Every structure is written in C-alpha cells, then in structure tokens.
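Enquirer: pasted the sequence and its predicted model underneath.
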Amino acid sequence: MSVHERSSVTGRMLMGVAWVVLLLGLWQWGRDVTDVRQGIFAPMTGDMAAVGRPPQPELPPAAEPLRRAVPLRVDIPDLGVRAPVVPRGLDGQGAPDAPPYDQPGVIAWYQAGVAPGVAGTALFVGHLDTDTKPAVFYGLSGLRPGAKVRVARDDGQIAEFTVEDVKVLAREGFDARQAYGTREPGRAELRLVTCGGTYDPVSRTYSANVVVSAYLTGTGR
C-alpha cells in the first residue's frame, strides 16, 4: 500500500467496494458452496463444535495487525493440516471461488479481500471431501476454541491465529455478514469455511456451512 494519503484513501475505497461485492455474493455462496459433486463423508447437523465439550478456555488477547502479505501455507496442528494456499477470485455468480475439485488438499484464499494478518477478516475456503476420501477441511468442525491456525506469508512471517468459535450455519436463512463480518473493529480475523450439516445424495448438496472464526494472537518466523 502506498504511503501517500491519496493512495491510502483510494485503497480503502477499493477495499470497501471489494467487500460490498463479496457480501453480495456470500449469501448465495453460503448456499451454493455446499453444492458439491462429491460427498460420501457427511457430518451431522448442528453445532458440532459445542457437543460434549468443556467450557471455553480463556483466550489470549489480540495482537496488533500486520502489513499486507500473500499467504503461502496454512498449518492447523490439531488437525494435522499443512496445506498450500492458492489465491482465488470470484466465480460467475459473484461468489468466492473454492479450490479446483481436483485439488482437495489445497486451500483457497479470497485475494480481493483482506490478507491474513491485516485488520479485517481474511477468508479461506477448502473442500470437505472427495468421492473417495476426506479433503483438507474434513476435520474443521472438530476444532476447539483455543486451537491455533498458523499462516505462512511471503514476507517470511508466520501469522498465528487463535480459534474463538466454530459454527455450523444452515443454508436456509444464511446471514453472510454475521458469518464473515469483522467482529471487533481493528482486529485481524480469519474465517475458515467448508461444507457441513447433512449430505443429500439426490441433490448432491450439503445442508450447511462450517465456519471457524479465529483472530490474530501472535507472529513468528
């Protein structure tokens, strides 16, 4: 981003436009992202993250946001996930593109939005499964508050996020702003999204989305 005030204002305006476009597409995407061709592994409906779990642990304070940098890899130690990131734009319906179906181990980042570590909400999308096996975000609904998500960036820094909650949001009545909007102004946040709910083999769709919310709590190299 330019240090000149005029460029900064322009940048903020462009980012605002990008998020307006994103939010316009997210409601439909919240419904359509679950319309996958695959799907032999189907989780149950409901907030799976809360079932049978102890009270939420005390979470660390938020860290200061970072400068913009491109994400290269996402590591989720509790799930054994270590996956490359591909930048993606919008599909023909104005919704964020998921990774190609032939790349089930890859995570897509909505590159026209916020970069992970920057103030605002960065958005990552991954597949739940394939015709024959789980995909990169199959275990996403099992994350607990306090779990770590580490994003390796092209500036050499590791942005470490702490999970604060996991929700399974039904396609019907999907509220994109509630799901993906920044919860605390000035905080660097992250959303990890995949399919969830129950799988309908006739329509080949899932009934919900799993949305993991996390926020920046530290950095490393």
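Expert: Sure, I can see it.
Enquirer: could you pull up the residues touching Leu123?
Expert: Leu22, Pro96, Trp109, Tyr110, Gly113, Val114, Tyr180, Arg191, Val193 (C-beta atoms under 8 Å, 6 or more residues apart in numbering). C-beta here means a position set from N, CA and C on the backbone, and glycine is covered the same way.
Enquirer: 7 Å - rerun?
Expert: Pro96, Tyr110, Gly113, Tyr180, Arg191, Val193 (C-beta atoms under 7 Å, 6 or more residues apart in numbering).
Enquirer: kindly report the same for Pro77.
Expert: For Pro77, the residues meeting the contact criterion (C-beta under 7 Å, 6+ apart) are Lys148.
Enquirer: run the last query once more with 8 Å
Expert: Ala147, Lys148, Arg150.
Enquirer: ok, Pro185 to Gly120 distance?
Expert: Separation of Pro185 from Gly120 (C-beta to C-beta, to the nearest Å) stands at 9 Å.
Enquirer: more neighbours, these two?
Expert: Neighbour totals were compared for Pro185 and Gly120, and Gly120 leads with 20 against 7 (other C-beta atoms under 10 Å).
Enquirer: with neighbour count as extra columns, can I get the contacts of Pro77 in CSV?
Expert: As requested, the contacts of Pro77 are arranged in CSV below (neighbours: other C-beta atoms under 10 Å):
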residue, neighbour count
Ala147, 18
Lys148, 16
Arg150, 18
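Enquirer: which ones among these lie within strands?
Expert: Lys148, Arg150 (DSSP state E).
Enquirer: skipping adjacent residues, who's closest to Asp75 in space?
Expert: Arg150 (4.3 Å; C-beta to C-beta, 6 or more residues apart in numbering).
Enquirer: bridge partners for that neighbour, pull those for me.
Expert: Note on Arg150: beta-bridge partners by DSSP bridges are Asp75, Glu160.
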